[in-house]
Every structure is written in structure tokens, then in C-alpha cells.
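K.L.:
return atomic coordinates for the entry below.
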Amino acid sequence: MTGNEQLVNWDSFAQARAELGANFVRILGYFREDGVKSVARIEEAMRANNAASMVIPAHTLKGESRQFGADPLADLAETIEMSARLCIERQDTPTDVLEHVVQLRPLFEATLALLERESNPLVERRPVFGRRSLAG
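P.N.:
Prediction:
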């Protein structure tokens, strides 16, 4: 990934914004709160070498990320979830999951910053050509 713009599928984001309407900003706030908790729970589970404790927060983060078009974040959360499930099946410690968990917080924070920047009604939007009339 070279640019921040690849962190969000803006078509999916626009669709979520249209579908959620007036509730969009409130639900994005829930995504922030849940995401912060999920990332912390995944990190705690990693420190405790507890694969089972990673599954639910990773699953939650995956679903909520997809809703807002945060596909790379959703993909990473899915990788953590599936790897943790495999560790449980094998009765193994989640050592191999560490490289993914380390990437999670920075990706979550960068993605959230983009989503919030785009959602902020006070952010100055770049005018689209032909949108404004010359009438004053």
C-alpha cells in the first residue's frame, strides 16, 4: 500500500453513508469505540498467548470495518480471527499471529483518521467542477 486512499473503499463508504443517513456519524462513533476496545483486547490476548480471546474482537472488528469500506483493516482482522481459530483447533499458541497483531493498531488508527476526516461536516470539501454557479 502506497497511499492512505487505499485504506478505504470510498464507494463502500459512500454506500454506508447513504444507507445510514442521519445515523452515520453516531454509528461511526460506535465503530471508533468498539474498534479501540477490539484492538486492545486482541493485543491483550496476544500478550497472554490466548488465541481464544482473539476470535470475538477480531470478528467484530472485521465486520464493522467492512461496513465502512475499511477493507485492508477488515482483511487484517479476518487474518487474525482465522489464525486464532486455527490455533484453537490445533491447541497451539498464537505465536504466528504476532506479526499481524503488530500491524493492527497503526492500521486501525490510520483508517479511523481517514474515515473521521471524510465524515467531519466542518472539513472543507474540494469543489467539483461545474458545481457552483457564478450567480452571487
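
K.L.:
CA only for contacts and neighbour counts going forward, please
P.N.:
OK.

K.L.:
the helix or strand hosting Val25: how far from the chain's middle?
P.N.:
Element membership for Val25, per DSSP states H and E: helix 24-47. From the chain centre to the centre of helix 24-47 is a distance of 9 Å (CA atoms, centre = their mean, to the nearest Å).

K.L.:
repeat that for stretch 69-83.
P.N.:
Centroid displacement of stretch 69-83 relative to its chain, using CA atoms, centre = their mean, is 8 Å.

K.L.:
next: stretch 16-36.
P.N.:
So, by CA atoms, centre = their mean, the centroid of stretch 16-36 is 12 Å from its chain's centroid.

K.L.:
residue ranges of the helices in the protein, please?
P.N.:
Secondary structure of the chain by DSSP state H: the helices cover 10-20, 24-47, 52-67, 71-90, 98-119.

K.L.:
what's the shortest one packed up against?
P.N.:
Of the remaining helices and strands, those touching helix 10-20 by 3 or more CA pairs under 8 Å, 6 or more residues apart in numbering; DSSP states H and E are helix 52-67.

K.L.:
residues making contact with stretch 13-21?
P.N.:
Phe24, Gln67, Phe68, Gly69, Ala70 (CA atoms under 8 Å, 6 or more residues apart in numbering).

K.L.:
recalculate using a threshold of 7 Å.
P.N.:
When contacts are defined by CA atoms under 7 Å, 6 or more residues apart in numbering, stretch 13-21 is touched by residues Phe24, Gln67, Phe68, Gly69.

K.L.:
buried residues in that stretch?
P.N.:
Phe13, Ala16, Arg17 (16 or more other CA atoms under 10 Å).

K.L.:
still on that earlier bit, dump the helices of the chain into CSV; add mean pLDDT as well.
P.N.:
Output for these, formatted as CSV (pLDDT from 0 to 100):
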stretch, mean pLDDT
helix 10-20, 95
helix 24-47, 97
helix 52-67, 97
helix 71-90, 98
helix 98-119, 96
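
K.L.:
buried sites along stretch 40-54?
P.N.:
Buried residues in stretch 40-54 (16+ other CA under 10 Å): Arg41, Ile42, Glu43, Ala45, Met46, Asn49, Asn50, Ala51, Ala52, Ser53, Met54.
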